[in-house]
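Student: Please find the sequence and the predicted model below.
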Amino acid sequence: MAITVNIYYSGVNGNAKKFAEEMVASGVVGDIRAEDGNLRYEYFFPMNDRETVLLIDSWKDQRSIDAHHASPMMARIIELREKYDLHMKIERYMSDETGVPETDKAFVRE
């Protein structure tokens, strides 16, 4: 069962976006995406809040997340969070292996 963690990074003066840009430019994001068990690692920018960045971070299982947290990359991520003085809000979701219910498919355009 996959685990998805939504992390909302918030700051001031565009720092959340600068953090995401540095994460990408420094290669940390590429390294995380290459980790065993990583399914998705993408940043999004909410239209109604220019001081927040949403990270959607999905993993195969808890063991993959634990290995990521124990990796040297976490020190770099923490360093950048501190550099940009970011605060976080976390949401955690478990995948629904049953897929999209038939009753919902009428509302999905593919």
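Tutor: Great, that's in hand.

Student: all helices for this structure, in order.
Tutor: With DSSP state H, the ranges of helices along the chain come out as 15-25, 28-33, 62-69, 73-83, 102-105.

Student: Need the winner for burial among those helices.
Tutor: Burial of the helices of the chain is given as mean neighbour count (mean count of other C-beta atoms under 10 Å); helix 15-25 ranks first at a mean of 18. The C-beta positions use only the backbone N, C-alpha and C, and glycine is treated the same way.

Student: quick one on the thing from earlier: which among the helices of the chain is found nearest to residue 94?
Tutor: Of all the helices of the chain, it is helix 62-69 that lies closest to residue 94, at 10.0 Å by C-beta to C-beta.

Student: Could you export the closest one as PDB, CA atoms only?
Tutor: This file holds the C-alpha atoms of helix 62-69, laid out as PDB (Å, rounded to 0.1, in the frame of the first residue of the first chain):
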ATOM      1  CA  GLN A  62       6.800   2.900   5.300                       C
ATOM      2  CA  ARG A  63      10.100   1.100   5.100                       C
ATOM      3  CA  SER A  64      11.000   3.200   2.000                       C
ATOM      4  CA  ILE A  65      10.100   6.400   3.900                       C
ATOM      5  CA  ASP A  66      12.200   5.300   6.900                       C
ATOM      6  CA  ALA A  67      15.200   4.600   4.600                       C
ATOM      7  CA  HIS A  68      14.800   8.100   3.000                       C
ATOM      8  CA  HIS A  69      14.600   9.700   6.400                       C
END
